[in-house]
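Enquirer: using only what follows, build the 3D model:
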Amino acid sequence: MKRSLLLCVALSAFASTSAFAQADLAKAKNCMACHAVANKLVGPSYKDVAAKYEGQKGAEDKLVQKVMKGGAGTWGPVPMPANPQVSEAEARSLVKWVLTQK
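Expert: As a prediction, this is how the structure comes out:
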């Protein structure tokens, strides 16, 4: 029983540390200048993005490309600029995190 409890605590700490790391990466790459987790700013909230793409096949790959190359029209008239400062690995990590926001 103690072992199971310790495992749960360790996994929770790892998960929350990972979530903080992704939020920190989003801040470092200036994603939070236009996006927030729960509220629409210039772009959609991450919760809205997660809801829109939930269960869609290929959503992760599509969003990774949007993060890197930019996009327009999906969320209204304001385009999302390309983000050349974000590597593909960073974009994938960010997108995975965004898709978990519910």
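
Enquirer: mind listing the helices for this protein?
Expert: 2-28, 46-53, 59-69, 88-99 (DSSP state H).

Enquirer: between those helices, which gets the lowest average pLDDT?
Expert: Per-stretch mean pLDDT for these is lowest at helix 2-28 (a mean of 59).

Enquirer: any idea how far the closest residue to Val49 other than its chain neighbours is from Lys66?
Expert: Nearest non-adjacent residue to Val49, counting by CB to CB, 6 or more residues apart in numbering: Val98, 5.5 Å away. All C-beta spots, glycine's among them, are computed from the backbone N, C-alpha and C. Counting by CB to CB, to the nearest Å, the gap from Val98 to Lys66 is 11 Å.

Enquirer: looking at these two, which has the bigger crowd around it?
Expert: Between Val98 and Lys66, counting by other CB atoms under 10 Å, Val98 is the more crowded of the two (23 against 18).

Enquirer: so who does the more buried one touch?
Expert: Contacts for Val98 (CB atoms under 8 Å, 6 or more residues apart in numbering) come out as 46, 49-50, 63.

Enquirer: ok, these vs Asp24, which is closest?
Expert: Checking those against Asp24 by CB to CB gives Tyr46 as the nearest, at 14.3 Å.

Enquirer: so the closest one touches Ala36, yeah?
Expert: Yes: between Tyr46 and Ala36 there is a contact at 7.3 Å, judged by CB atoms under 8 Å.
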